[in-house]
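Mind folding the following:
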Amino acid sequence: MSIPSLTTFSYVVLALVGRRGATAHELVQMQRRGEAYFSYAGSQWYAEPKRLASLGLLRAEREAGRTRERTRYHLTDAGREALARWVPKPPRPPHVDSEGVVKVLAADLASDEAVLTSIRALRPELERMRASIREGVRHADDFPHRERYLLLNHRLVERVLDAHLAWVDEVEAELGAESAR
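Modelled structure (predicted):
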């Protein structure tokens, strides 16, 4: 069965629903704990599970919540099969989707000082993201069925964040030295 309307985000949702099931709110919380992995609007985390349920890939069950009823999603056999067919396919190569890269590219149209101010502002956010990933590492054993896979991903994200921080250092050294001249 081929489902052409599935996107990478669809598979993200299916994988996160996983064996235990999840509510849309829990999916949003998962994004917040590992936001370096997925950057989607909160509304998408609520809409996509509904869409996947309408395609028969997730099953929706109503359950009591703290203040009101909520919907918990579970993988269906078709959802597991879709993931099983998708996983062995080669992933797209990683891409750099960074406003900072474009700002450095445009430095000759603005000023080094303006770019430095902008790029330096990345450092606290990158450090916050690094702390979030470290928190994920500390809690990986909360998910024994996924711990090894979470740790593999967390280590990759730590390296990516280290590379971004090193790039911020490089931009500061290069453009700061140029500004001083």
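
Show me this structure divided up by domain.
8-86, 99-180 (automatic domain parsing).

Of these, flag the one that's most buried.
domain 8-86 (a mean of 16; mean count of other C-beta atoms under 10 Å). Bear in mind the C-beta positions are built from the backbone N, C-alpha and C, glycine included.

start to end distance for stretch 129-148?
For stretch 129-148, the separation between the terminal residues is 20 Å (C-alpha to C-alpha, to the nearest Å).

how about CSV for the domains of the chain, with mean pLDDT added?
Shown next, in CSV, are those (pLDDT from 0 to 100):
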stretch, mean pLDDT
domain 8-86, 89
domain 99-180, 91
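
Dump those domains to a markdown table, plus distance to Arg92.
What follows is those, written out as a markdown table (distance: least, C-beta to C-beta, whole Å):
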| stretch | distance to Arg92 |
| --- | --- |
| domain 8-86 | 8 |
| domain 99-180 | 15 |
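
and the top helix by length along the chain, what other elements does it pack with?
Longest among the helix segments of the chain by residue count, using DSSP state H, is helix 147-180. Helices and strands touching helix 147-180, by 3 or more C-beta pairs under 8 Å, 6 or more residues apart in numbering; DSSP states H and E, are helix 99-105, helix 112-120, helix 122-138.

List of residues touching the shortest one?
Meaning helix 99-105. Ala110, Val115, Ser118, Ile119, Leu122, Trp167, Val168, Val171, Leu175 (C-beta atoms under 8 Å, 6 or more residues apart in numbering).

Quick one: residues contacting the fifth one.
Think Leu122. By C-beta under 8 Å, 6+ apart, Leu122 lies in contact with Gly100, His164, Val168.

again with the first one
Taking C-beta under 8 Å, 6+ apart as the definition of contact, the neighbours of Ala110 are Lys103.

what separates it from Tyr149, distance-wise?
Going from Ala110 to Tyr149 by C-beta to C-beta, to the nearest Å gives 42 Å.

so is the residue nearest the centre of the chain in a helix, a strand, or just coil?
Nearest to the geometric centre of the chain sits Phe38, at 1.7 Å (C-alpha atoms, centre = their mean). Assigned state for Phe38: coil (three-state reduction, DSSP: H, G, I helix; E, B strand; the rest coil).

Could I get the helices and strands packed on helix 147-180 in a markdown table, plus columns for distance to Arg72?
Converted to a markdown table, the helices and strands packed on helix 147-180 look like this (distance: least, C-beta to C-beta, whole Å):
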| stretch | distance to Arg72 |
| --- | --- |
| helix 99-105 | 36 |
| helix 112-120 | 42 |
| helix 122-138 | 22 |
